[in-house]
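Enquirer: Give me the fold of what follows.
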Amino acid sequence: MTETAFVSKAPRLGFIPGFDGLRGVFVMMMITEHIFPGNFESVSLVLDSFFVMSAFLIVSLLMQEHRDNGAVDLKKFYQRRAVRLLPSAYVHFIVWLIIGAIATFVLDVRFEGRNLFAEVAKDVAAAFTYTYHLVFPLGLAAVAPEEGFRPMGHLWSLSVEEQFYMFVAITIVVCLRKNLIRPLAVVCALCAAYIAWSRFHMDLGPWPGRELGDSLHSRGLQLLWMQRPDALLIGVVAAVINAHCTEEFMQRWRKPMLVVGWTGLGILAFSLMWSSKFLHESLGWPFYLENIPERASFAGDVLRCGPKGEPLVDCSNQLWFFQIGHNLSLISIAPAMFVMARYKDWLPNRILGIKPFRTLGRMSYTLYVWHLLGIIAVTGAVENSSRPVQFVVKMAAVFAVSWPVYHFVEQRALKVKLRYSSEKETLDMRTGQMVSTSPPDQPA
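Expert: All right, here's what the predicted structure looks like:
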């Protein structure tokens, strides 16, 4: 390690019980929104939280490896990412291709007159190449209605995250060597602030303009800010701040830090309920703010919107949840997550660290990838049933398709992942325990 290289002052991360618990709670909230779409719209903020947490962990672990070993083994980093993420996703692609082939060529099923296998193949191609967020931004067929059925619409977020992984490791390595970690954090913070400002002013992406089109080459960039890359940037900033805080500093400032953490959790909890149509209509939630216009179009800088079948009217002075909700979630989850990482005896850590939450958290990736398949499989059978029946049957279907994959595919992949550790002790994600791994190779 050169004398000018940045060295993290933070202790080793180890196992953070609250992180597993948060993942478990968040993935269940997200599945519930997909079971009852449009009723818990602000639950979309859980993806912001996943992004912040993921970036924080990845960057913190890279800085930890650099400090301990004097270098970062990029080859092993990408091997770990591949072993962690690809097996479950690739099995998911194969299963959907089989379903599409049987439905199309054996049962002659059509979706609005379209070839179902062709629609599935489009999704697999976009997800396999991790360009889903560019081809089918937000997974919404409404963005490009001619594209038809989107069985993997939720995988846009994995594409955003994978693009981040592709570049963040190299960037961090260079900035560590050149001692440019602080400037990197400043740039990330400024970019995140710009994205938040743009989203508030309804500029939803960097190119080519406000009026949404269905061009394959531009629609992903037109909605890029709605796919929350700023959450990943905030995670990088939080990791850099964490790396500058010694254990002595954190203990000296424990009380105010805990206040900051509780405040963050409170704001996040409010944000997650803010745009809930279910709470508003069923329980009289008084703070309801509609998420996005049902139909919208820009005429110059004037937003015009209205319900289906009615003329569009000027609604440019109306405040929508998406303009501020994502921004608010980022400035709330980041400090709460930071406090969880540094004070493992904090009450939310202990609550979220109980076994049911941790188990759901460890299954969160599998549940996220596979849950739509379970929901779609039983929707026709329960679509006329009561809400409680729909919830129980659909949630049972989600676990029925996810559990075997988690047990037979992901658990084995996590065991293999330990072989690519670059450190002497590594967190075993199957158990939440630190385990001894092969001594790292010495840097050249």
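Enquirer: any weak-confidence spans in the stretch 251-400 of the chain?
Expert: Applying pLDDT under 70 to the stretch 251-400 of the chain picks out residues 300.
Enquirer: mind redoing it with 80?
Expert: 294-302, 308-309 (pLDDT under 80).
Enquirer: Figure out the length between the terminal residues of stretch 344-355.
Expert: Length of stretch 344-355, first residue to last, Cα to Cα, to the nearest Å: 16 Å.
Enquirer: actually stretch 247-260, not the one I wrote
Expert: Stretch 247-260: ends 17 Å apart by Cα to Cα.
Enquirer: what residues does that stretch touch?
Expert: Pro11, Pro335, Val339, Arg342, Tyr343, Trp346 (Cβ atoms under 8 Å, 6 or more residues apart in numbering). Glycine gets a C-beta too; all of them are placed from N, C-alpha and C.
Enquirer: List the buried residues in it.
Expert: Met250, Met257 (16 or more other Cβ atoms under 10 Å).
Enquirer: Same check on stretch 75-90?
Expert: Here stretch 75-90 shows Lys76, Phe77, Gln79, Arg80, Arg81, Val83, Arg84, Leu85, Pro87, Ser88, Ala89 as buried, counting by 16+ other Cβ under 10 Å.
Enquirer: Give me the residues contacting that stretch.
Expert: Outside stretch 75-90, the residues within contact range by Cβ under 8 Å, 6+ apart are 62, 127-128, 155, 158, 162, 165, 169, 365-366, 369-370, 405-406, 409-410, 412-414, 416-417, 420-422.
Enquirer: the strands in the stretch 201-350 of the chain, which residues?
Expert: Using DSSP state E, counting those that start in this stretch, the strands of the stretch 201-350 of the chain run over residues 296-299, 302-305, 313-314.
Enquirer: what lines up beside the shortest one in the sheet?
Expert: In its sheet, strand 313-314 lies beside strand 302-305 (antiparallel), with partners assigned from DSSP bridges.
Enquirer: And the strand it pairs with, how far out from the chain middle?
Expert: 30 Å (Cα atoms, centre = their mean, to the nearest Å).
Enquirer: go on, stretch 61-79?
Expert: When distances are taken as Cα atoms, centre = their mean, stretch 61-79 is centred 23 Å away from the chain's centroid.
Enquirer: pLDDT averaged over that stretch - what is it?
Expert: Averaged across stretch 61-79, the pLDDT comes to 94.
Enquirer: re the thing from before, so of the strands of the stretch 201-350 of the chain, which one's packed in deepest?
Expert: With neighbours taken as mean count of other Cβ atoms under 10 Å, the strands of the stretch 201-350 of the chain reach their highest mean count in strand 302-305, at a mean of 16.
Enquirer: Need the contact partners of that one.
Expert: Met202, Pro293, Glu294, Arg295, Ala296, Ser297, Phe298, Leu312, Val313, Asp314, Cys315, Ser316.
Enquirer: Could I get the phi/psi values of the fourth one?
Expert: With angles defined as degrees, to the nearest 10, Arg295 shows backbone torsions of phi -130, psi 140.
Enquirer: Correct me if wrong: it contacts Lys308.
Expert: Yes - Arg295 lies in contact with Lys308 (Cβ atoms under 8 Å); the separation is 6.2 Å.
Enquirer: the more surrounded of those two?
Expert: Taking other Cβ atoms under 10 Å, Arg295 and Lys308 do not tie; Arg295 has more neighbours (13 against 6).
Enquirer: Settle this for me: Leu418 is touching Ser436, isn't it.
Expert: No - if you go by Cβ under 8 Å, Leu418 and Ser436 don't touch, sitting 9.8 Å apart.
Enquirer: The two - which one has more neighbours?
Expert: Taking other Cβ under 10 Å, Leu418 and Ser436 do not tie; Leu418 has more neighbours (18 against 11).
Enquirer: give the contact list for that one.
Expert: Contacts of Leu418 (Cβ under 8 Å, 6+ apart): Thr426, Asp428, Val435, Thr437.
Enquirer: quick one: it and Gln79, what's the gap?
Expert: To Gln79, Leu418 is 11 Å away according to Cβ to Cβ, to the nearest Å.
Enquirer: Repeat that for Asp428.
Expert: From Asp428 to Gln79 the distance is 17 Å (Cβ to Cβ).
Enquirer: Then Asp20?
Expert: Distance of Asp20 to Gln79, computed by Cβ to Cβ: 23 Å.
Enquirer: what's the answer for Thr104, then?
Expert: Distance of Thr104 to Gln79, given as Cβ to Cβ: 36 Å.
Enquirer: ditto for Gly153
Expert: 29 Å.
Enquirer: Out of the buried residues of stretch 75-90, the closest to Phe399 would be?
Expert: Nearest to Phe399 among the buried residues of stretch 75-90 is Ser88, at 14.7 Å by Cβ to Cβ.
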